[in-house]
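here you go, sequence then predicted model.
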Amino acid sequence: MPATADAPVAVLLPGAGYTVQAPLLYWCATLLVERGWHVQAVDWTVGEAARADPLEFVEQAVTEAFAASPASGRRLLVAKSFGTFALPWARRSGIAGVWLTPMLTEEPVRRALAAATPADLAIGGDRDPFWQPDTVAGTAARLVTEPGANHALTLPGDWQGSIRLQERVLATVSGHLTG
């Protein structure tokens with residue numbers, strides 16, 4: 001955690017089965033900390049109640065995570081899969097996000113990403129059934145499609161190619177945060 005006053009704050013939201021210790025979120029946290037951000041990671045168990053009302057579940061978690069974080073004039077969400085149900089909350093709150101494999105099959109997520117700003121970045125794979133960038137055509141958010149990538153942003157049957165792919169994804173995130 002950075003020692004500077006008014007450090008920017010990022011909240012990391014996992015997927016239903018993809019924790020913040022998994023590669024993409026772990027390395028996003030690492031690059032943010034190295035840049036002086038306070039990173040608040042959320043740990044959750046997605047049970048029946050969460051699946052029944054994912055918007056309420058995720059919005060409560062993100063609200064609590066920001067409340068537990070230091071005050072800051074600059075806030076960011078980094079979310080993977082199920083965590084991207086925070087998109088509607090982020091739009092209402094004016095908080096940008098890095099949206100990894102957003103659930104674009106879900107209307108509230110799709111609508112929120114369609115209304116996103118250039119401060120938002122969404123990345124998915126063309127082999128991910130949830131990644132449907134054509135459904136948010138016209139969004140101001142930056143959309144990146146990784147060829148051959150599945151919902152984990154890996155290349156099935158190619159661990160070395162998967163590592164290179166995730167390195168590219170993280171370089172994209174890093175460049176987006178710089179820009």
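Nice, I can see it.

C-alpha from now on. contacts and neighbour counts both.
Fine.

mind listing what the residue positioned nearest the centre of the chain touches?
With distances taken as C-alpha atoms, centre = their mean, residue 79 lies nearest the centre of the chain, 2.3 Å away. Contacts for residue 79 were tallied using C-alpha atoms under 8 Å, 6 or more residues apart in numbering; they are 12, 13, 14, 15, 25, 86, 97, 98, 99, 100.

in terms of helices and strands, where is the first one?
Secondary structure here is read from DSSP states H and E; on that basis residue 12 sits in strand 9-13.

tell me the mean pLDDT for whichever helix or strand comes after that strand?
Next helix or strand after strand 9-13 toward the C-terminus (DSSP H and E): helix 23-34. Averaging pLDDT along helix 23-34 yields 97.

can I get helix 23-34 in CSV, CA atoms only?
Below are the C-alpha coordinates for helix 23-34, written out as CSV (Å, rounded to 0.1, in the frame of the first residue of the first chain):
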residue,chain,number,x,y,z
PRO,A,23,-3.2,-14.1,-12.5
LEU,A,24,-5.0,-11.2,-14.2
LEU,A,25,-6.2,-9.5,-11.0
TYR,A,26,-3.0,-10.3,-9.1
TRP,A,27,-0.9,-8.6,-11.7
CYS,A,28,-3.4,-5.7,-12.1
ALA,A,29,-3.1,-5.1,-8.3
THR,A,30,0.7,-5.3,-8.5
LEU,A,31,1.0,-2.8,-11.3
LEU,A,32,-1.4,-0.4,-9.5
VAL,A,33,0.5,-0.7,-6.2
GLU,A,34,3.8,0.0,-8.1
